[in-house]
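Asker: return atomic coordinates for the entry below.
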Amino acid sequence: MSDWTEGYVAEIPYTFGYYSELNPLRLAAPFLNVALAPPAIATACELGFGQGISANIHAAATDTRWYGTDFNPAHAAFAQSLAAASGAHARLFDQSFGEFCGRAELPDFDFIGLHGIWSWVSEQNQNVIVDFVRRKLKPGGVLYISYNTQPGHAAMVPLRHLLATHAEIMAPPGNSMVAKIDAAIEFTERLLALNPLFALAHPSLGERFAALKGHDRHYLAHEYFNHDWRAVPFAEMAQRLAPAKLTFACSAHYPDHIDALNLSPEQQRFVAEIPDPVFRQELRDFIINQQFRRDYWVKGGIRLSPFEQAEAVRRLKLMLLSDPRDVEFTVQGAAGQRELNTGVYRPILDVLADRRAKTIGEIEAAVKGPDPQLGTIFEAVMVLIGKGDLAPVQDDDEQARAKPHTDKFNLLMQEKARGSGDLPHLATPVTGGGVAVTRFLLLFLLARRQGSETPEELARVAWDILGPQGHRLVKDGERLESAEANLAELVTQATDFIDKRLPVLQALQVA
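Answerer: Numbers count the residues shown, from 1 in each chain. Have a look, this model is predicted:
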């Protein structure tokens, strides 16, 4: 009998993650930053969708028709249940890449996405993926792909191999995957305590291993314990994707676009001397010790003139996601934390403080400053989107068509929050993507649907659900035991919810 898992961990279900890079609406700003025309996205595909959270949110929140597959039938069944609840156009399958990519009825795609897949599948499956992209990605279409890379993972390659090998050959027969992982971690901890020369040659290994130990075992199973695991240098990725007629467009990770956040002035000058774009990316990865790349590749991108680029930038529409009182004027990059110029950022935030969507052109007209200022504003927008304070938004008519689907999806998330906190995202028709929430917030939203309004009423509904399940809140690092203490903390959180989070969620049309 053939092994349908093909060496991939299937015993433990994947986590319920949402990945904003898979939202095609987010590619417009990075593309314009490198003077590429962003394509219109009518059809999209996610290969290896896990529990299907991202695929379902993006299908519900946009007009885009989504397709996808995940080999795990438990994942696919859950993902299909979400699609049925929202009524959105998401055709999701439980097939292997070989089976799915050979389906004759699939349309050609404007966007194909793989988040956290490439580094964990066999070379045979990688070949299937490249051939699929070659055949099914439209001219001008975009591939989003993320993967472990070197040099940042160089020290982890042998350590990962050690952990996986221990789990494979040292665990007693019949042990669960969690038991195998725990045993492999305990063994490796004992080994590192002996100060092996490999660990001494890689001083950061101890810190990396300590962080690994603290992760959820479900995450670790899929991250480190599959049969296939590779950290792929950028140049090798470029070589693998060349048969699909793809060229590197830009990073999907917004902070990567701001050199000052990642490279010193001397490093910037050194990198700028490199004429070859592939080797330039390799050099940059070496300088910042890159561990994980999130990249857009394009099949025949259209270059924009400076005039066309500026016009398109001015048309980009944005909305403030954060409460203005909570925006921090610092940003983290590979080169460390940087202070933001409040003289540049504060006026932009003031223009957007009413939580109404505005174009960059409208922001430019409202912000007083020396000309030319478009480039400065656009760079600040890129930083704020990367920090999660701003988001691109879609047109009003698209929002109206999506809202019935997002309403159904979000109601399901609120109902599921009664039993667990595993699904901490809602779908917003405004940004065409997901918004992170807590279980408490979901319960507050559910309470509002039932007619509760005051912080005390919201807290009581939440506690009536959480209390009988043995759930206790934690405050200042200490578990609250009494019902009175838990209710008081829930009232505090509900007050903050009404004051800060609710106005944002209402602007995003999820409340």
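Asker: now the element after the worst-scoring helix or strand of the chain on mean pLDDT, going C-ward?
Answerer: Lowest by mean pLDDT, DSSP states H and E among the helices and strands of the chain is helix 217-224, with a mean of 84. Next along the chain after helix 217-224, taking DSSP states H and E as the criterion, comes helix 234-241.
Asker: show me what the following helix or strand past that next one packs onto, helices and strands only.
Answerer: Using DSSP H and E, the next helix or strand after helix 234-241 towards the C-terminus is strand 247-251. On a contact count with 3 or more C-beta pairs under 8 Å, 6 or more residues apart in numbering; DSSP states H and E, strand 247-251 meets helix 28-33, helix 277-288, strand 292-298. For glycine as for every other residue, the C-beta is placed from the backbone atoms N, C-alpha and C.
Asker: and the contacts of strand 247-251?
Answerer: 30-31, 33-34, 36, 142, 238, 257, 277-278, 281, 293-298, 301 (C-beta atoms under 8 Å, 6 or more residues apart in numbering).
Asker: repeat the analysis, applying 6 Å as the threshold.
Answerer: With C-beta atoms under 6 Å, 6 or more residues apart in numbering as the test, strand 247-251 has contacts from 30, 34, 36, 296-298, 301.
Asker: could I get the helices and strands packed on strand 247-251 as a markdown table with mean pLDDT, distance to Arg449 and mean neighbour count?
Answerer: Formatted as a markdown table, the helices and strands packed on strand 247-251 follow (pLDDT from 0 to 100; distance: least, C-beta to C-beta, whole Å; neighbours: other C-beta atoms under 10 Å):
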| stretch | mean pLDDT | distance to Arg449 | mean neighbour count |
| --- | --- | --- | --- |
| helix 28-33 | 98 | 34 | 22 |
| helix 277-288 | 96 | 46 | 17 |
| strand 292-298 | 97 | 36 | 21 |
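Asker: select, out of these, the one closest to Phe100.
Answerer: Nearest to Phe100, of all the helices and strands packed on strand 247-251, is strand 292-298, at 20.2 Å by C-beta to C-beta.
Asker: list the buried residues for the least confident helix or strand of the chain?
Answerer: Of all the residues in helix 217-224, those buried under the rule 16 or more other C-beta atoms under 10 Å are 217-218, 220-224.
Asker: ok, so of these, who is nearest Gln95?
Answerer: His222 (18.8 Å).
Asker: where does the stretch 301-450 of the chain have low pLDDT?
Answerer: Scanning the stretch 301-450 of the chain for pLDDT under 70 picks out the ranges 370-372.
Asker: follow-up on the earlier one: and of the helices and strands packed on strand 247-251, who's closest to Gly432?
Answerer: Using C-beta to C-beta, these put helix 28-33 closest to Gly432, at 10.9 Å.
Asker: out of the helices and strands packed on strand 247-251, nearest to Ser54?
Answerer: Between the helices and strands packed on strand 247-251, strand 292-298 lies closest to Ser54; by C-beta to C-beta that is 13.3 Å.
Asker: ok now that closest one, how far from the chain's centre?
Answerer: Counting by C-alpha atoms, centre = their mean, to the nearest Å, strand 292-298 is centred 13 Å from the centre of its parent chain.
Asker: what packs against that strand?
Answerer: In terms of contacts (3 or more C-beta pairs under 6 Å, 6 or more residues apart in numbering; DSSP states H and E), strand 292-298 is packed against strand 137-148, strand 247-251.
Asker: turn those strands into a markdown table, columns for mean neighbour count.
Answerer: A markdown table is the format used below for the helices and strands packed on strand 292-298 (neighbours: other C-beta atoms under 10 Å):
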| stretch | mean neighbour count |
| --- | --- |
| strand 137-148 | 21 |
| strand 247-251 | 19 |
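Asker: would you list every one of the strands in the stretch 1-150 of the chain?
Answerer: 43-47, 65-69, 90-93, 109-114, 137-148 (DSSP state E, counting those that start in this stretch).
Asker: mind putting those in a markdown table, distance to Gly421 and mean pLDDT included?
Answerer: As requested, the strands of the stretch 1-150 of the chain are exported to a markdown table (distance: least, C-beta to C-beta, whole Å; pLDDT from 0 to 100):
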| stretch | distance to Gly421 | mean pLDDT |
| --- | --- | --- |
| strand 43-47 | 24 | 98 |
| strand 65-69 | 25 | 98 |
| strand 90-93 | 24 | 97 |
| strand 109-114 | 26 | 98 |
| strand 137-148 | 25 | 97 |
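Asker: now those in a markdown table, with distance to Ala211?
Answerer: Formatted as a markdown table, those follow (distance: least, C-beta to C-beta, whole Å):
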| stretch | distance to Ala211 |
| --- | --- |
| strand 43-47 | 28 |
| strand 65-69 | 30 |
| strand 90-93 | 33 |
| strand 109-114 | 25 |
| strand 137-148 | 15 |
